[in-house]
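Colleague: here's a sequence, model it:
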Amino acid sequence: QVQLVESGGGFVQAGGSLRLSCAASGSILEIHVMGWYRQKPGKQRERVGQITNDGSTDYVDSVKGRFTISGDVAKKTWYLQMSNVKLEDAGVYYCYSILRRTSGGTLLGGAYWGQGTQVTVSS
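Modeller: Below you'll find the model as predicted:
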């Protein structure tokens, strides 16, 4: 089994900073992608950005220059550093990963998700 657990969500003032963490555990063989999605109230889930195991990153336009994703593949941990947070950044943030794992000697792959962490932004 694979588990992804987010932490670091909470309240932040507009213009402030917040760092989210995601830790993966379980029978993971290798991680290919580590990323973050978010879901704003009444909206569909959108991808915030991701980092691949070669260090390449990409972000949705609305967070470029403000959010940074970093990760440590060996530690199976990654982060979303949110700076100059805006009111419209509020929502539930989910970490995800594309990885390969073992199960009873079988090699499996796919996308896995955390349970989500709430980010609330006040003016």
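Colleague: each with direction, which strands does the helix or strand that contains Y112 pair with?
Modeller: Assigned by DSSP states H and E, Y112 falls within strand 106-113. Strands that pair with strand 106-113, judged by DSSP bridges, come out as strand 91-103 (antiparallel).
Colleague: mean confidence for the strand it pairs with?
Modeller: What strand 91-103 shows for mean pLDDT is 95.
Colleague: ok, now stretch 2-17?
Modeller: 97.
Colleague: also stretch 108-121?
Modeller: 96.
Colleague: what about it, distance to the chain center?
Modeller: Distance, stretch centre to chain centre, for stretch 108-121: 6 Å (C-alpha atoms, centre = their mean, to the nearest Å).
Colleague: could you list the buried residues of that stretch?
Modeller: With burial defined by 16 or more other C-beta atoms under 10 Å, the residues of stretch 108-121 counted as buried are 112, 114, 116-117, 119, 121. The way it works is simple: take the backbone N, C-alpha and C, and place the C-beta from them, glycine included.
Colleague: next, format those residues as a markdown table and append distance to G15.
Modeller: Listed next are the buried residues of stretch 108-121 as a markdown table, based on distance: C-beta to C-beta, whole Å:
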| residue | distance to G15 |
| --- | --- |
| Y112 | 33 |
| G114 | 26 |
| G116 | 24 |
| T117 | 20 |
| V119 | 14 |
| V121 | 9 |
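Colleague: identify, from these, the entry nearest to G10.
Modeller: G10 lies nearest to V119 out of these, by C-beta to C-beta, at 7.2 Å.
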